[in-house]
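Q: Pasted the sequence and its predicted model underneath.
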Amino acid sequence: MKKISVVAVALMVMAGIAYASSIGVPWFVDNAPVASGYPPTSGTLGLVYLKNNTNEDITGEITYVNRDGAILGPFYPDNTFVLPKLATVAFRPVAYDPASGGGQESDVAAAVPDRPRSEDFGGGPIPGSIAPDGSGEVVDNGKNGSISVQWVGLPTDVQGMIIQVGGTAGGMSYAHLLPPGV
C-alpha cells in the first residue's frame with residue numbers, strides 16, 4: 001500500500017509540472033527597408049513565421065543572440081508576446097513594419113519584440129546584454145543574428161519557418177522549416 005501511495009504522489013507531482021519548449025532560428029538577416037514590398041526594393045527581407053497549433057493563446061518569450069554569441073535580449077517582461085489560438089504570425093526580427101503602413105506585419109506580428117540594437121539606445125551598449133565572456137554589455141547595430149522562442153507547453157504546440165527574400169531583380173528566396181527545440 002505504501003508503494004502505491006508513493007507512486008500516486010509522484011504521478012500527481014509529474015502531472016502538475018509545466019514543460020518549456022522552444023524553436024530556434026539558427027541565423028537570419030533582415031536589412032530591407034520598412035514598407036519595401038515583397039520582394040523588397042533592396043536588402044534582404046527576413047520573415048519568421050510561428051504557428052500556434054492549439055486551441056488556446058500561447059505566451060512566447062523571444063531572445064536574440066548576435067554573431068559573436070552575445071545575448072542581446074530583450075529581457076523579461078519586454079520579451080513576451082502572444083500567439084493567438086490556431087493563428088500564424090509572420091514577423092520581421094529587426095524592423096517594425098506594420099501592414100497599415102504598407103509593411104509585412106499584422107498588428108499581432110508587429111507586437112513580437114524586435115532584435116535590440118545599440119542605435120535604439122543612443123548608440124551605447126544594449127541594456128542587459130551579455131558579452132560571450134560575461135564581461136558586460138555590448139554595442140551592436142547588426143540586422144542579423146539567431147533567435148530562440150520559448151513557451152510553456154509541448155514542442156508540437158508551435159511550428160515555425162523562416163523566409164529570406166533578396167531585393168534585387170530576380171532576387172533569391174528561400175525558406176526553412178524550424179524543428180522544435182528542447
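A: Everything's here; your move.

Q: And the nearest residue to Glu56 once chain neighbours are set aside, how far from Pro77?
A: Nearest non-adjacent residue to Glu56, counting by C-beta to C-beta, 6 or more residues apart in numbering: Lys85, 5.4 Å away. Placement of C-beta: from N, CA and C, glycine included. Separation of Lys85 from Pro77 (C-beta to C-beta, to the nearest Å) stands at 22 Å.

Q: Would you verify that the residue nearest to Glu56 is located in a helix?
A: No - using DSSP: H, G, I helix; E, B strand; the rest coil, the assignment for Lys85 is coil, not a helix.

Q: Now do the phi/psi pair for it.
A: phi -60, psi 140 (degrees, to the nearest 10).

Q: mind checking the SS state of Trp151?
A: When the rule is three-state DSSP, Trp151 gets the label strand.

Q: sorry, back to before: my guess is the residue nearest to Glu56 meets Asn55, correct?
A: Yes - Lys85 is within contact range of Asn55, at 5.2 Å (criterion: C-beta atoms under 8 Å).

Q: residue contacts, the residue nearest to Glu56?
A: Applying C-beta atoms under 8 Å, 6 or more residues apart in numbering, one finds that Lys85 lies in contact with Asn52, Thr54, Asn55, Glu56, Asp57, Ile58.

Q: which one of those sits closest to Gly128?
A: Looking at these and their distance to Gly128, the nearest is Ile58, at 24.3 Å (C-beta to C-beta).

Q: The closest residue to that closest one other than its chain neighbours: how many residues sit nearby?
A: Nearest residue to Ile58, sequence neighbours excluded (C-beta to C-beta, 6+ apart): Leu83, at 4.5 Å. Other residues near Leu83 come to 25 when the count uses other C-beta atoms under 10 Å.
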